[in-house]
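Q: Sequence first, predicted coordinates after that:
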Number of protein chains: 2
Amino acid sequence: MSKAKRLIDILLFVSDKKKFTAQEIADTFNISVRTVHRYLLDLSDMGLPIYAEQGRNGGYTVLSNAILPPILFTEEEAVAIFFAFQSLHYYRDLPFNAEIKSVSQKLYDSLQKEAKKKIDSLQSYIAFWNPKRTVTTPLLTDVLEAIINQSQLQIQYDSKSGISTKHVQPIGMYAHDGLWYMPALHLQNKKILLFRVDRILSILANDKSKETTINLQQWLESAFELQQPIRLYVELSREGVRQCLSEPNLEKAVVRHSDGTGHIDTMIDKGELTFNSSLFYRLGQHAIVKEPQELIQLLRKHAHDLLAIYPKQSNS
Amino acid sequence: MSKAKRLIDILLFVSDKKKFTAQEIADTFNISVRTVHRYLLDLSDMGLPIYAEQGRNGGYTVLSNAILPPILFTEEEAVAIFFAFQSLHYYRDLPFNAEIKSVSQKLYDSLQKEAKKKIDSLQSYIAFWNPKRTVTTPLLTDVLEAIINQSQLQIQYDSKSGISTKHVQPIGMYAHDGLWYMPALHLQNKKILLFRVDRILSILANDKSKETTINLQQWLESAFELQQPIRLYVELSREGVRQCLSEPNLEKAVVRHSDGTGHIDTMIDKGELTFNSSLFYRLGQHAIVKEPQELIQLLRKHAHDLLAIYPKQSNS
DNA sequence: TAAAACATGACAACTATTGGCATGATTAAA
DNA sequence: TTTAATCATGCCAATAGTTGTCATGTTTTA
């Protein structure tokens, strides 16, 4: 086997093992101890952060985390990684911020002059634009750690009804629209609630004592099942069709007529009525709700309330 | 210089040059032609897609795109790239779909068994959730190509007022909220308009004839300057504060009072009034708009319209 | 037909790697 | 204090790998 391959094998072996003696490596790879010393010197020269402790019980220790074998990327692939990272910029807090920086650095360093120019020029043609969030999520990594350890948590939470202390077992954590959410089992009433991680004011992890719950993927799927299905029927003008096609929740249900107008006929959850009323309020005459009556009543009630809040001759 | 380093140098050289003869390489690197043949055989064995044409005017041709020197990643960095890509899944169309797949494949293949498990288990704790868009953007790559070439375009566009043909020069392209947008200079009236790429029905690129315009970054910055500033003053209940802090546009302007309530006092653009009326309609009594009068009138008018659209005893 | 390219084999000269041995230094346990 | 287990380094001969040169083919095109 060529030296290069053997070096990579040893690199992977030691970066995985973290602590070892030269004799171990010699035995594992059937080479002499002398050669092992030489190899480790080479790896050290190549930048592997490794140090040796002398004396009995001594040995080598690798400081970095597990390392992957060298990978060859094409320029296009490097660009893809750059842009994927760019799209993440709008999360103010991310569990991988340090890694994202180091990967970008490694890639950019290895690009040639011309390729760097290409990336820079592409960046003047293409972008991911998102409003930069200002809410910070200081406890993000703590929460993630607790989730991975499957700990039960005592959290102080800033909810609709004020700050309260809750005893929960988290299911997982997900990002949506720039914010982090944590579905968790509320241990008092055995119900799964959804918490916003930025609204968690403090956490206290108890000993891990796992109650078997569903995992995050299952929860995400079930969370969007209809609990109380109800029929939504809406007639759309041409503009209404256009607008509704931009609504992630409804776009699938839009039916176009040949004259450009259309309609929506689908089942939605009763709990989504409030959300939908906001949409159809905005669309006004471009979307005439025919069903359900509840939604129509909601729209009317809200309109009435609004007229009460803002009386005719209002002056500040 | 060691063989490995020389091989990498040659790899980079030839993957950049694409077409070359053995003699060229021999001259460039001061090695014999025989050795070049041997090296190219090695590179071919290592997976570089290269083929040779014999005879006069023959030579070697590399099929793949420019290749970066081998990079060492840590496991954590690989995980970061995976999750960055996961967050992109909600764009149905991306200019880098092929690259994203190949990078994921390369990384996953190079992970050890244990590391694969780690990633899989992390994926059951952490996710990026986004509604999957169903609108397709078939012309995405064509548009990107035209933008890079700085071509002028004749597009068929499905706008509010129907399908029309427009003659434009694109400035760039950006993604937002799962959709792709293209700001472009309308050549008839010299104004910059914003197009949704999925609403472009066909494009026809003219010869490139660049009118100097601003670049995408500049446009993005200027696009959010206030054209017609107007004062927005809103009194917020405790719940209103909570809700407004989740609104990317307003969160910066929210001022909290010591009792948990708060207010917004900021400048907004007159053009955003419609957008804001939808928000404050939803918030109802939790956010009492005091200024501007236009917004209050808009809220009232819309409420009136709605009551007219949905008369009292409406039955489907 | 000649020139320009790739393809491959043989071999000697050269270079790099390896293992074995020796010598030191350092550390912790006996 | 001694001893065993470590790393660290130097030397050298044996071995392994690499290189250049030359030779011989093949394929393609001017």
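A: Received the coordinates, thanks.
Q: now chain A, which segments are flagged as low pLDDT?
A: Along chain A, the parts satisfying pLDDT under 70 run over A:90, A:131-132, A:208-211, A:226, A:313-316.
Q: Next, give phi and psi for the residue in it that DNA strand C sits nearest to.
A: When scored by Cβ to the nearest atom of the strand, chain A has A:Gly55 as its residue closest to DNA strand C, at 2.0 Å. C-betas here are computed from N, CA, C, even on glycine. Main-chain torsions, A:Gly55, degrees, to the nearest 10: phi 80, psi 170.
Q: cool, A:Leu245 as well?
A: phi -70, psi -20.
Q: Contact partners for the closest residue to it other than its chain neighbours?
A: Residue nearest to A:Leu245 in three dimensions, not counting chain neighbours: A:Glu251, with 5.0 Å by Cβ to Cβ, 6 or more residues apart in numbering or on different chains. Applying Cβ atoms under 8 Å, 6 or more residues apart in numbering or on different chains to A:Glu251 gives the contacts A:244-245, B:133-135.
Q: for A:Lys118, same thing?
A: Counting by Cβ under 8 Å, 6+ apart, A:Lys118 has contacts A:75, A:79.
Q: hmm, 10 Å instead?
A: Taking Cβ atoms under 10 Å, 6 or more residues apart in numbering or on different chains as the criterion, A:Lys118 is in contact with A:75-76, A:78-79, A:111-112, B:66, B:148.
Q: could you dump those residues to CSV with distance to DNA strand D?
A: Shown next, in CSV, are those (distance: Cβ to the nearest atom of the strand, whole Å):
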residue, distance to DNA strand D
A:Glu75, 27
A:Glu76, 30
A:Ala78, 29
A:Val79, 33
A:Leu111, 27
A:Gln112, 24
B:Ala66, 24
B:Ile148, 33
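Q: Can you add distance to A:Ser161, neighbour count and secondary structure and give the residues you listed back as CSV?
A: Below are the contacts of A:Lys118 laid out as CSV (distance: Cβ to Cβ, whole Å; neighbours: other Cβ atoms under 10 Å in any protein chain shown; DSSP: H, G, I helix; E, B strand; the rest coil):
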residue, distance to A:Ser161, neighbour count, secondary structure
A:Glu75, 54, 22, helix
A:Glu76, 52, 19, helix
A:Ala78, 49, 26, helix
A:Val79, 48, 22, helix
A:Leu111, 53, 19, coil
A:Gln112, 59, 14, coil
B:Ala66, 58, 20, coil
B:Ile148, 53, 16, helix
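Q: tell me which residues in the strand or helix carrying A:Phe13 are buried?
A: In the assignment (DSSP states H and E), A:Phe13 maps to helix A:3-17. Using 16 or more other Cβ atoms under 10 Å in any protein chain shown as the burial criterion, the residues of helix A:3-17 that qualify are A:7-8, A:10-12, A:14-16.
Q: before we move on, what about stretch A:101-111?
A: For stretch A:101-111, the neighbour count (16+ other Cβ under 10 Å) marks A:102-104, A:107, A:111 as buried.
Q: what about it, distance to the chain center?
A: Centroid separation for stretch A:101-111 versus its chain: 22 Å, with Cα atoms, centre = their mean, to the nearest Å.
Q: is stretch A:11-27 anywhere near DNA strand C?
A: No - Stretch A:11-27 is not in contact with DNA strand C by Cβ under 7 Å from any atom of the strand; minimum separation 7.7 Å.
Q: and the gap between A:Val197 and B:Ile126?
A: Distance of A:Val197 to B:Ile126, computed by Cβ to Cβ, to the nearest Å: 11 Å.
Q: can you list residues touching both of those two?
A: Taking Cβ under 10 Å, 6+ apart as the criterion, A:Val197 and B:Ile126 both touch A:144, A:173-175, A:180.
Q: Can you tell me which of those has the most neighbours?
A: The most crowded member of these, judged by other Cβ atoms under 10 Å in any protein chain shown, is A:Trp180 (26 neighbours).
Q: Surely that residue is within a helix?
A: No - A:Trp180: not assigned to a helix; according to DSSP: H, G, I helix; E, B strand; the rest coil it is strand.
Q: is it true that it touches A:Pro95?
A: Yes - in this structure, A:Trp180 is within contact of A:Pro95 by Cβ atoms under 10 Å, at 9.2 Å.
Q: Mutual contacts of those two, please.
A: By Cβ under 10 Å, 6+ apart, A:Trp180 and A:Pro95 have these common neighbours: A:140, A:143-144, A:173, B:126.
Q: Sketch out the strands for the stretch 101-250 of chain A, chain order is fine.
A: A:126-128, A:151-159, A:162-170, A:173-176, A:179-186, A:191-196, A:200-208, A:229-236 (DSSP state E, counting those that start in this stretch).
Q: Any residue of the fifth one touching chain B?
A: Yes - Strand A:179-186 comes into contact with chain B when judged by Cβ under 10 Å from any Cβ of the partner chain, the residues involved being A:179-181.
Q: partners of that strand, with directions?
A: Using DSSP bridges, the strands paired with strand A:179-186 are strand A:162-170 (antiparallel), strand A:173-176 (antiparallel), strand A:191-196 (antiparallel).
Q: Among those strands, show me which one is buried the most.
A: strand A:173-176 (a mean of 21; mean count of other Cβ atoms under 10 Å in any protein chain shown).
Q: what does it rub up against?
A: A:88, A:91, A:93-95, A:137, A:140, A:143-144, A:146-148, A:180-184, A:194-195, A:197, A:216-217, A:219-220, B:83, B:86-87, B:90, B:125-131.
Q: Produce a ChimeraX select command limited to the buried residues of these.
A: In ChimeraX, a selection of the buried entries from the contacts of strand A:173-176 looks like this (16+ other Cβ under 10 Å):
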select /A:88,91,93,94,95,137,140,143,144,146,147,180,181,182,183,184,195,197,216,219,220 /B:83,86,87,90,125,126,127,128,129,130,131
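Q: quick revisit: quick one: the residue of chain A closest to DNA strand C from A:Asp27, how far?
A: Taking Cβ to Cβ, one finds A:Gly55 at 21 Å from A:Asp27.
Q: So between those two, which is more surrounded?
A: Legend: neighbour count by other Cβ under 10 Å for A:Gly55 and A:Asp27, higher for A:Asp27 (12 against 6).
Q: shouldn't the more buried one be in contact with A:Val33?
A: Yes - distance between A:Asp27 and A:Val33: 9.3 Å, which falls inside the contact criterion (Cβ under 10 Å).
Q: any common contacting residues for the two?
A: Joint contacts of A:Asp27 and A:Val33 (Cβ under 10 Å, 6+ apart) are A:Thr21.
Q: Can you report how many residues neighbour the residue nearest to A:Asp9 when sequence neighbours are not counted?
A: Leaving aside its chain neighbours, A:Asp9 sits nearest to A:Phe29 (7.1 Å; criterion: Cβ to Cβ, 6+ apart). By the criterion of other Cβ under 10 Å, A:Phe29 has 16 neighbours.
Q: Please consider this matter closed, and thank you.
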